[in-house]
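Visitor: when you get a sec, could you give me coordinates for this:
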Amino acid sequence: MPSYCPECGGELVWDRKIRMYSCRSCGVTFNEAQLSDARDRLYSRPEDEDERKKRRHSDYLDWWTSSKKKRD
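Guide: As a prediction, this is how the structure comes out:
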C-alpha cells in the first residue's frame, strides 16, 4: 500500500534502521504517532462557530449530568 508524505506528497518508506517512515522526496521522518497526527491535521476540516458551540454545549451537559450522578 503506497503511503504519501503529508508535507510534500512524496513517497514514504519504512526505514528499519531508525524505525521511522521517511520521505524519499523531502527527507522528513515520522514515527507512527507523528504520521497519524499529521494526516489528521491534513484531512480534518476546521470547525465553524456553530459546531464549536454545539460541542461546548454537549461537553457541558455531559459534565453536568456526570457531576449529579456522583452526588447521589
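Visitor: what about Trp64, how many neighbours?
Guide: By other Cβ atoms under 10 Å, the residues close to Trp64 number 10. Where C-beta positions appear, they are placed from N, C-alpha and C, glycine not excepted.
Visitor: and it, that's in a helix?
Guide: Yes. Counting by DSSP: H, G, I helix; E, B strand; the rest coil, Trp64 is found in a helix.
Visitor: the closest residue to Phe30 other than its chain neighbours pairs with what?
Guide: Distance criterion Cβ to Cβ, 6 or more residues apart in numbering; nearest residue to Phe30, sequence neighbours excluded, is Tyr21 at 4.8 Å. Assessed by DSSP bridges, Tyr21 has beta-bridge partners Trp14, Phe30.
Visitor: what's the local residue count around Tyr21?
Guide: 18.
Visitor: what residues are up against it?
Guide: For Tyr21, the contact set (Cβ atoms under 8 Å, 6 or more residues apart in numbering) comprises Ser3, Leu12, Val13, Trp14, Asp15, Thr29, Phe30, Asn31, Glu32, Leu35.
Visitor: just the pLDDT for Met1.
Guide: Per-residue confidence at Met1 stands at 45 (pLDDT).
Visitor: what do you get for Ser58?
Guide: pLDDT recorded at Ser58 is 92.
Visitor: sec struct for it, please.
Guide: helix.
Visitor: just the C-alphas of the worst-scoring helix or strand of the chain on mean pLDDT, formatted as CSV.
Guide: When each helix and strand of the chain is scored by mean pLDDT, DSSP states H and E, helix 49-71 comes last, with a mean of 83. Taking Å, rounded to 0.1, in the frame of the first residue of the first chain, the C-alpha atoms of helix 49-71 are listed here in CSV:
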residue,chain,number,x,y,z
GLU,A,49,-18.7,28.6,15.1
ASP,A,50,-22.0,26.7,15.3
GLU,A,51,-20.2,23.3,15.6
ARG,A,52,-17.9,24.7,18.3
LYS,A,53,-20.9,26.0,20.3
LYS,A,54,-22.7,22.7,19.9
ARG,A,55,-19.7,20.7,21.1
ARG,A,56,-19.1,23.0,24.1
HIS,A,57,-22.8,22.7,25.0
SER,A,58,-22.7,18.9,24.7
ASP,A,59,-19.5,18.8,26.8
TYR,A,60,-21.1,21.0,29.4
LEU,A,61,-24.2,18.8,29.6
ASP,A,62,-22.0,15.7,29.9
TRP,A,63,-20.1,17.3,32.8
TRP,A,64,-23.3,18.5,34.4
THR,A,65,-25.0,15.1,34.4
SER,A,66,-21.9,13.2,35.5
SER,A,67,-21.5,15.6,38.5
LYS,A,68,-25.1,15.0,39.5
LYS,A,69,-24.7,11.2,39.3
LYS,A,70,-21.6,11.3,41.6
ARG,A,71,-23.6,13.2,44.3
